[in-house]
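Peer 1: sharing a model prediction with you, sequence too.
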Amino acid sequence: MGEVLRCESLVRRLGDRDVVRGASLDLDEAVSVALVGPSGCGKTTFLQMIGLLDRPTAGRVVLAGHDAWSLADDVRAELRLAWIGFVFQQNNLVASLSARENVALPAWRLGSSRREAERAADALLERFGLAARRDAPPGELSVGEAQRVAIARALVNRPRLVLADEPTGSLDSASADVVMDALAAASALGAALLMVTHDPRIAARAQRTVEMRDGRL
Ligand SMILES: Nc1ncnc2c1ncn2[C@@H]1O[C@H](COP(=O)(O)OP(=O)(O)OP(=O)(O)O)[C@@H](O)[C@H]1O
């Protein structure tokens, strides 16, 4: 199995304390890992360093063989766009764009034509049962619909690494199942999946569970 991600001894100091204190983790392609742990133990902070959103105080994130945090900012942004799909706790959709445009945007930014990007977006929206909602702006979607759009957006560039921070936290159990099926499908297609969850039912669907306590895995 090919290695997708290796993080080595990640530390993140926030204020006067280390919130993440030397966390190391390897992920190979097609694996799914649930990250669990008590509220405030550092899970989101850890995920944001891996997702190239928050610079570690110490340690390395090796993604696709690159020491990601030593790259120039624009190169790192490009690596992130091509390799990582991030599903946030809040969906972070762009309010002024339609569901379809939100999903298409990362593909277009990565270099697809508008037409190709929209075709890829439509295929994902259809798979998530949202074909009829594609022209709606996020403000007109239910919480569950919006989260499925956010997952479609995260998957549109066929990322090798999918990071999800409580992707089903705000969903009823039927919508949570649809979301989980989508994430499981991405991992079956070869992506490495790392998801933070408090839900034991969701964690049970991952191949492996890793626990964080006090900033350590
Ligand atoms: N800017 C900051 N300055 C100081 N402390 C911070 C800052 N941001 C977050 N923290 C603290 O860092 C700790 C870890 O936060 P983090 O969000 O990573 O935890 P978590 O495990 O994801 O929690 P939850 O499960 O509740 O989402 C918390 O105790 C939080 O209060």
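Peer 2: That came in fine, so what should we check first? Residues are numbered from 1 along each chain as shown.
Peer 1: can I get the lowest-mean-pLDDT helix or strand in the chain in CSV? Just the C-alpha atoms.
Peer 2: Sorting the helices and strands of the chain by mean pLDDT, DSSP states H and E puts helix 173-188 at the bottom, at a mean of 84. Written as CSV, here are the backbone C-alpha positions of helix 173-188 (Å, rounded to 0.1, in the frame of the first residue of the first chain):
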residue,chain,number,x,y,z
SER,A,173,-29.1,9.6,11.4
ALA,A,174,-30.5,9.1,7.9
SER,A,175,-28.4,12.0,6.5
ALA,A,176,-25.4,10.8,8.6
ASP,A,177,-25.6,7.4,6.8
VAL,A,178,-25.6,9.1,3.4
VAL,A,179,-22.6,11.2,4.4
MET,A,180,-20.8,8.1,5.8
ASP,A,181,-21.5,6.1,2.7
ALA,A,182,-19.9,8.9,0.6
LEU,A,183,-16.8,9.0,2.7
ALA,A,184,-16.5,5.2,2.7
ALA,A,185,-16.8,5.2,-1.1
ALA,A,186,-14.0,7.7,-1.3
SER,A,187,-11.8,5.5,0.8
ALA,A,188,-12.8,2.4,-1.2
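Peer 1: what's the next helix or strand after that helix packed up against?
Peer 2: Sequence-wise, the next helix or strand downstream of helix 173-188 (DSSP states H and E) is strand 192-196. When contacts are defined as 3 or more Cβ pairs under 8 Å, 6 or more residues apart in numbering; DSSP states H and E, strand 192-196 sits against strand 3-14, strand 17-28, strand 32-36, helix 43-50, strand 161-165, helix 173-188. From N, CA and C alone the C-beta is placed, and that goes for glycine too.
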